[in-house]
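In: One predicted model, sequence on top.
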Amino acid sequence: MPNDTESKAIRSSIYTTFASLKLPGSPEISPLHENKALGTPADFAICLRSTGGNGKYVVFLISQGKVVDYRSAVGLDRCNEQTYAPLRKP
């Protein structure tokens with residue numbers, strides 16, 4: 001599990017990626033949860049969605065307290081089952 005410093009860096013990285021993807025609305029993230037998708041380089045994941053209502057999710061794969069990859073979420077990521085909270089600008 002990431003410590004407080006790592007968690008802040010992870011949230012900052014996710015916010016930066018949200019801005020670069022130019023998604024509509026405001027970013028919302030799920031809690032850190034176990035990554036159950038097969039063939040990925042991480043034990044944990046955080047899902048991102050936009051309040052813009054496009055219905056798409058992005059999953060961030062977390063390993064050793066860092067974002068190691070991100071991609072469009074698939075069913076195994078279970079982003080549609082997560083609870084979300086606003087992601088504030090760092």
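Out: Thanks, I have it. Numbers count the residues shown, from 1 in each chain.

In: number of nearby residues for Ala9?
Out: Per other Cβ atoms under 10 Å, the neighbour tally for Ala9 reads 16. Heads up, the C-betas are built off the backbone N, CA and C, glycines and all.

In: I meant Ala42, not that one.
Out: 18.

In: Tell me where the chain has helices.
Out: Counting by DSSP state H, the segments of the chain that form helices are 4-21.

In: So which elements touch the helix or strand of it with the lowest mean pLDDT?
Out: Every helix and strand in the chain was compared by mean pLDDT, DSSP states H and E; the lowest is strand 33-34, with a mean of 92. Counting contacts by 3 or more Cβ pairs under 8 Å, 6 or more residues apart in numbering; DSSP states H and E, strand 33-34 packs against strand 44-50.

In: Between helix 4-21 and the strand it packs on, find me the angle.
Out: With axes from the mean of the first three to the mean of the last three Cα atoms, to 10 degrees applied, the angle from strand 44-50 to helix 4-21 works out at 40 degrees.

In: Mind giving me the packing neighbours of strand 44-50?
Out: helix 4-21, strand 27-29, strand 33-34, strand 57-63.

In: Give me the distance between the nearest residue to Gly65 once chain neighbours are set aside and Cys79.
Out: Take Gly65 and drop its neighbours on the chain: the residue closest to it by Cβ to Cβ, 6 or more residues apart in numbering is Glu6, 3.5 Å away. For Glu6, the distance to Cys79 equals 21 Å [Cβ to Cβ, to the nearest Å].

In: Of these two, give the one with the bigger neighbour count.
Out: Ranked by neighbour count (other Cβ under 10 Å), Glu6 and Cys79 place Cys79 first, with 22 against 15.

In: isn't that one right next to Ser30, touching?
Out: Yes - Cys79 lies in contact with Ser30 (Cβ atoms under 8 Å); the separation is 6.7 Å.

In: Now do the shared contacts for these two.
Out: Here Cys79 and Ser30 have Cys47 as joint contacts, going by Cβ atoms under 8 Å, 6 or more residues apart in numbering.
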